[in-house]
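A.B. asks: Could you work out the structure for the sequence below:
(one chain, ligands or ions: 1)
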Amino acid sequence: MTVLAVEGVSWRIGAVPIVDDVTLHLAPDEFVALIGPNGAGKTSLFNLISGLRRPTSGRILLGGRDVTGLAPYRRARSGLGRTFQTSAVFGSLTVTENVALAVQARRGGALRAWRRGSDRDVTVRSAQILAEVRLEHRAGRTAGSLAHGEKRKLEIALLLAGDPRVLLLDEPMAGVSAEDVPALVEVIRGLTAGTGRTVLMVEHHMDVVLDLADRVAVLHHGALLACDTPAAVMADAFVQHAYLGEGL
Ligand SMILES: Nc1ncnc2c1ncn2[C@@H]1O[C@H](COP(=O)(O)OP(=O)(O)OP(=O)(O)O)[C@@H](O)[C@H]1O
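C.D. replies: Next up, the predicted model:
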């Protein structure tokens, strides 16, 4: 079964292929890491999947439905969630308020009602999400006062508020201090384990990639060089030459 299908997708600027005929099928519960040297086209592929860019050719299907022509917000409603390299949290609001705002945005209604304590559903769902990303102990803190690793967890919480089936994570470890990496890795691991969710993650930290991924997809000059188990990808001589040989 395929939840996200990228079928023969290309994106050209003029005659230059930035993403070059990429085909990728992701299953429920699957965790796939997308790696490749700087400029390989990883962010561009994320932009095509999330709808910020339209492919020059090819199709993108979400749960079997062709979403190639849909705007990003309509893809989000169809179950696609994405984090960005830059932080999207409201620094002056508390952790709980940030999550409640995202839950409310998904369900409709006013934040004022939740603040008065009259929207119990939002309160309950927000608490569940905070527990899932292991941030309950920071619930009352302002988001701006969190360490990088905790901010990343909060960004994941905001994503979960949209009840996504497919999560695109863009370099979740970027800027996170080494001591905060293991806790964040465990939260990210939990996103797919038995949940039916699917994760596609761009990440430069190879130890994290090898630890988390069921499969590793390798982009090089916009084309997919390989998509296989971490062990098989690491053993692939062409991948080693094209990617690991470049000192990343
Ligand atoms: N809007 C654009 N106009 C022109 N060139 C672009 C545009 N977007 C991306 N590119 C080029 O496409 C190539 C791929 O860029 P992209 O950001 O997708 O790579 P990446 O694999 O995400 O790199 P990084 O690991 O550095 O984030 C780069 O050479 C980039 O300069």
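A.B. asks: Close to the ligand: what parts of the protein are there?
C.D. replies: 13, 18, 36, 38-44 (CB under 6 Å from any ligand atom). To be clear about C-beta, it is placed using only N, CA and C from the backbone, and glycine gets the same treatment.
A.B. asks: Adding pLDDT, secondary structure and neighbour count, write these out as a markdown table.
C.D. replies: Formatted as a markdown table, the residues of the chain next to the ligand follow (pLDDT from 0 to 100; DSSP: H, G, I helix; E, B strand; the rest coil; neighbours: other CB atoms under 10 Å):
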| residue | pLDDT | secondary structure | neighbour count |
| --- | --- | --- | --- |
| 13 | 94 | strand | 9 |
| 18 | 97 | strand | 20 |
| 36 | 92 | coil | 25 |
| 38 | 89 | coil | 8 |
| 39 | 92 | coil | 13 |
| 40 | 94 | coil | 23 |
| 41 | 96 | coil | 24 |
| 42 | 96 | helix | 23 |
| 43 | 95 | helix | 18 |
| 44 | 96 | helix | 20 |
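A.B. asks: got the domain boundaries for the chain?
C.D. replies: Listed domain ranges for the chain are 1-79+164-248, 87-163 (source: automatic domain parsing).
A.B. asks: So which residues of the protein form strands?
C.D. replies: Ranges of strands within the chain are 4-13, 16-26, 31-35, 57-62, 65-66, 80-82, 166-170, 198-202, 215-220, 223-228, based on DSSP state E.
A.B. asks: now residue 78, nearest residue through space, not along the chain?
C.D. replies: Taking CB to CB, 6 or more residues apart in numbering, and ignoring the residues beside it in sequence, residue 78 has residue 62 as its nearest neighbour in space, at 5.2 Å.
A.B. asks: residues contacting that neighbour?
C.D. replies: Applying CB atoms under 8 Å, 6 or more residues apart in numbering, we find residue 62 in contact with 3-4, 75, 78-80, 165-166.
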